[in-house]
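Trainee: Fold the following for me, if possible:
(chains A and B)
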Amino acid sequence: MAELEAVIGLEIHVQLSTRTKMFCGCELSFGDKPNVHTCPVCLAHPGVLPVPNEEAIRYALKIAAALECEVAPRSIFHRKNYFYPDNPKAYQISQYDEPLAVNGELGGIRIHRAHLEEDAAKTIHLGESGRIHGSGASLVDFNRGGTPLVEIVTEPDLGSAEAAGAWARLLRTTVRQLEVSDVNMEEGSLRIDANVSVRPAGSEELGTKTELKNMNSFRFLERGIEAELARQRELIAAGGTVVQETLHFHPEDGSLHPLRSKEEAHDYRYFPEPDLVPLAPTEAMLRAARESLPELPEARMRRYEDDLGLSAENAAQLAADPDAATYFEAVCERVGEVEAQTVANWVTGELAAALRQADGDAAVPAGALAGLIALVQENKISHGSGKKVLSILIAEGGEPAEIVEREGLAQISDSGELESIVAAAVEANPDAADQIRAGNQKAIGAIVGAVMKETKGRADGGEVSRLIKRKLGV
Amino acid sequence: MMGGLLELSVAAAAGRIAAGEVSRAEYFEAWRAAAAGDELNAYLWKAEDGTAGGDGPLAGIPVAVKDLFCTEGVATTAGSRILEGHRPLYTATAVRRLHEAGAGVLGKTNMDEFAMGSSNENSAYGAVRNPWDHGRVPGGSSGGSAAAVAGGLAPCAIGTDTGGSIRQPASLCGIVGLKPTYGAISRYGMIAFASSLDQCGPLTRNVTDAALLLAAMQGRDACDSTSVGIEGGVEAPSRENLEGLRFAVPAELAHDAIEPGVRAVFEATLKRIEELGGEIAEVSLPHAEHGISAYYVIAPAEASSNLARYDGVRYGMRIEAEGDVIEMYEATRAAGFGDEVKRRIMLGTYALSSGYYDAYYGRAQRVRTKIAEDYAAAFDRFDFVVTPTSPSVAFELGAKTDDPLAMYMNDFFTVPMSLAGIPAISIPAGLAEPDGGGPQLPVGFQIAAPAFAEQRLLDAAYALEQAIGFDAEPGGSGG
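Mentor: Now for the predicted structure:
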């Protein structure tokens, strides 16, 4: 049997960080006392009507622009009807067959659609199962009910759990840069479901998919998909067939369990929401959304590679972390005639490593790092001394040049002084000297090490090697 | 003199109050006393005290308000058991605007449950009686509002019209009822029946009073995305003739089932239009006859969704049940809704079901579009389309309660305008004997106009009203 390849699509809910809810004036909140951010509209009292939040529409248009979607000239809100205590109107206002945005692309993955809707309230069902059926009581907190959501649906373009995780991270970074959502998976402002299926490698036909829910971290997303792919492959290998169903991820043990079919079997009876007129963004709104876009991770990555000549790895690494990228560019601006790759090496290498060792909120001002890199590049201090200066900068702050002065780290620039130290080191290591003369280049390390020890790292390694070789006539 | 005060039109009373000839308190008190004598079951709640609001064109005028409009702190039931005792936290925009114009709420009027009905017999709080004959229905669903005005229990009222719920009871009670263009008046705070059709409007003793109330209530409202208001506002009508105006009679009317007495009054009114200089011609509105079918798919579909919120969780009635919250929903809704409401929820749920949507809801929407196109084409050539408001005069209580289809046919002439979203007015045009004999009862004449042509509609209705000079009054208990 042919190898079974994974086919994965994602459905993402992004909670928008507008000031107020999607269809009423209640403030958004997280972690407040239950049911304090409510009004007749979001509690679905008799006679109320929804009024769309213009800010939410602008945010959604920004997301559509960032995902390079086509925006519908007129999109329609629908009612999705179902009875559940988290849904006080007994219908959710969402978009159905005429969504806000279609046919986008991000990071090589096609976006099927993106639409606006409202979030449900939070429910807690008391009782053994934690589910509504058979529970002794159900508690509802309507604070979250009516929060604006953008739902993004990808095409099934992802080929592995790892690829899905990486793409989801790219999406989060992208949306975070738009400043339209907190995109926090733990807090639920970013929620990702996965549609997972397998098919014989090379086949065009899609296999039966299952829908995975409740994976509230990137790690869980990857683990959930991996577990489901393994299950489907085993099932098919054993001659079984995949049944379309919704599976709930259990973070405690990474297992997947089907939701009870009674909770799943919905006929949502969609129909156009008569209380709202079609959403027809003006050309000015669309232009504003496009023009407000910051440089997004994908574009930034391309620019770092193509224009700044960074390695693909560094370019991706920096682009995925907007704060680091901004910092990197600030250092580049201040550092003078130094290659961007050198700066990237410092930022993603020495600095990142040193910061990992330090306190959580430790930082080095961009100007200070730029000064430090310049000192190293101009051979004022050795690379090793540079690392020492860096740790002092993190621990105490200050000016790199002053630290070099104070700590006596300036590179030995008097060639006579260095030559005499080299001569002494050659004499003290006659075995190594013989080996070098015999052509063993590696043996030079011992003598360089001795020089560095003597100079407390204030000598330039390259210069020391050159002097040793000259001394030994090789 | 009290009787004299009650006989004043709203326009005249407002004038007297503004001139300081009548005090607001005196006028309001006179109407409170009249409302207190309600023998029609027209009111579900009556104001205990208080006078009308601030200065404005309606300063001092009491208004009877259909119990479908939310009034802050005052029980608002929509005629349903499920909302018994429900006190809204806010006031509907239409009522708030009446307040701002100086009017006050005299009482909340009885109605068919959630505005579903044409006889007011579907109220959870008992049927309303027609002031012309207490054995007959006042029409519905704004039956309490119509009966209150016709029965001398209120100087004016507001109601809602989804498929004829203002015009048909106005016709059956011998008063003026106006359904404005969809979007003319905010729906905020009006408990929804069928959101794409519901529209608020006045029920009054004459056309001028209807214009006054419409002027106060109309306008864009930030709380209702579908509201637009009437450009240029509304002024008191003043037209004296109908010269140069073209009135179209649907050709299909010739074959429609209309009571002979109603047809006679309708034809006499057409003659009156010609005497006033108006032109009468036939127009074909081929899709209008499918209006009832489309309406009874679209309205129940929307209602099934609108009424899903009444679940016993947050307000209104709750029937505790053994078991989980879903069982509580079921017990509450089973006990809280009446038969007609349940019938329409089931019809609507079915019509929206996956697999049936296109055959029912989708097709009904296409018919709706065709009807709107028929009217748009007619208005290219004519100023108005006219019909009888109702195929019959007021029928006897209980006559149609076991036959929903016969009941639905009451809306035959009023539903197409609702589907097309256009304004239409019913004015009393004369009296006729019911089929099977009995005392004479009022007959309404319906005039429909293009969207937002309310001023033109009111002007023409006013001219015709003056010429007809309808001055018959309810005879009382009767039948």
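
Trainee: which SS class is B:Pro416?
Mentor: State at B:Pro416, reduced to three classes by DSSP: H, G, I helix; E, B strand; the rest coil: helix.

Trainee: For it, grab the count of nearby residues.
Mentor: 31 (other Cβ atoms under 10 Å in any protein chain shown). Every C-beta, even on glycine, is put in place using the N, C-alpha and C of the backbone.

Trainee: Also A:Gly445?
Mentor: 11.

Trainee: and what of B:Glu26?
Mentor: Going by other Cβ under 10 Å, the residues that sit close to B:Glu26 add up to 13.

Trainee: and what of the one 10 residues further on?
Mentor: Number of residues near B:Ala36 (other Cβ under 10 Å) recorded here: 11.

Trainee: Quick check: chain neighbours aside, which residue is closest to it?
Mentor: B:Lys46 (6.7 Å; Cβ to Cβ, 6 or more residues apart in numbering or on different chains).

Trainee: can you pull the contacts of the one you found?
Mentor: Contacts for B:Lys46 (Cβ atoms under 8 Å, 6 or more residues apart in numbering or on different chains) come out as B:Arg32, B:Ala35, B:Ala36, B:Asp38, B:Leu106, B:Gly107.

Trainee: Retrieve the pLDDT associated with the most centrally placed residue in chain B.
Mentor: For chain B, the residue nearest the mean C-alpha position is B:Ile166 (1.3 Å; Cα atoms, centre = their mean). For B:Ile166, the pLDDT comes out at 98.

Trainee: B:Ala254 too?
Mentor: pLDDT at B:Ala254 comes out at 84.

Trainee: and what of B:Met1?
Mentor: We have a pLDDT of 42 for B:Met1.

Trainee: do the same with A:Gly254
Mentor: Confidence score, pLDDT, at A:Gly254: 86.

Trainee: wait, it sits on A:Ile225?
Mentor: No - taking contacts as Cβ atoms under 8 Å, A:Gly254 lies outside contact range of A:Ile225: 11.1 Å.

Trainee: more crowded one of these two?
Mentor: Set side by side, A:Gly254 and A:Ile225 show more neighbours around A:Ile225, with 27 against 14, by other Cβ under 10 Å.

Trainee: Identify the residues contacting the strand or helix carrying the more buried one?
Mentor: If you go by DSSP states H and E, A:Ile225 is part of helix A:218-237. With contact meaning Cβ under 8 Å, 6+ apart, helix A:218-237 is reached by A:1, A:4, A:6, A:8, A:161-162, A:164-165, A:168-169, A:185, A:192, A:194, A:196-198, A:207, A:210, A:212, A:215, A:241-242, A:247, A:249, A:251, A:254-256.

Trainee: same thing but 7 Å
Mentor: Helix A:218-237 is contacted from outside by A:4, A:6, A:8, A:161-162, A:164-165, A:168-169, A:185, A:192, A:194, A:196, A:198, A:210, A:212, A:215, A:242, A:247, A:249, A:251, A:254, A:256, using Cβ atoms under 7 Å, 6 or more residues apart in numbering or on different chains.

Trainee: Looking at those residues, which are in helices?
Mentor: Members of the contacts of helix A:218-237 lying in helices (criterion: DSSP state H): A:Ala161, A:Glu162, A:Ala164, A:Gly165, A:Ala168, A:Arg169.

Trainee: Can you name the residues that contact B:Leu457?
Mentor: Applying Cβ under 7 Å, 6+ apart, the residues near B:Leu457 are B:Pro423, B:Ile425, B:Ile447, B:Ala449.
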